[in-house]
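Student: Predicted model, plus sequence, below.
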Amino acid sequence: MADKLTPKQEAFAFAVGYEKLSYKEAYIKAYNAEKMAVNTIYRKAHSLANNGKIRARIDHYVLEQQREARLAVDWDYKKQFEEYRFVLIKNKKDILKADKNGQAAKHANNTAILGALAGIENLLDKVIPVEVEETETEFEDDGLIEALSNTPKGLWEDEKN
């Protein structure tokens, strides 16, 4: 049980790691230290944050908060994608129905499909960022390529054996 944090230490770690409060703010919140001298709060908060057990718990909460944030973002992207997909399917059905009946596709259907495709493209740019960097590498021309190009035929024949 020696590795277990006290409720106040746990509250401090949670406030720093998950709620992203400063050490001072987290200490005041966890220890009800509003009436303490500011220097004392800073000193005690810093001491807590440097305690190995508490630091490990802070790190745990940081990772947990990041994981939950990623899940929330993933969920939002999935929801948006499904909405675009619904627009595509519905308007595709309308266009196919019009075609089957010998009618021209409505401008609104075409516009909706193009808008949904643009939305999906924009969404994919956010979800799967593609970074393309153009790099130019300068090579010093030492004449090797020209020399190889001007080599008489058969010069290297004896080295094949």
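Tutor: That came through, no problem. Numbering: from 1, shown residues only.
Student: ok, now which ones touch the nearest residue to residue 65 once chain neighbours are set aside?
Tutor: Residue nearest to residue 65 in three dimensions, not counting chain neighbours: residue 18, with 4.7 Å by CB to CB, 6 or more residues apart in numbering. Every residue, glycine included, has its C-beta placed from N, CA and C. Contact analysis of residue 18 by CB atoms under 8 Å, 6 or more residues apart in numbering lists 61-62, 64-65.
Student: Just the buried residues of these.
Tutor: residue 61 (16 or more other CB atoms under 10 Å).
Student: In CSV: the contacts of residue 18, plus secondary structure.
Tutor: As requested, those are exported to CSV (DSSP: H, G, I helix; E, B strand; the rest coil):
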residue, secondary structure
61, helix
62, helix
64, helix
65, helix
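Student: ok, then the element right after the helix or strand residue 66 falls within?
Tutor: Assigned by DSSP states H and E, residue 66 belongs to helix 52-100. Counting by DSSP H and E, the next helix or strand C-terminal to helix 52-100 is helix 107-127.
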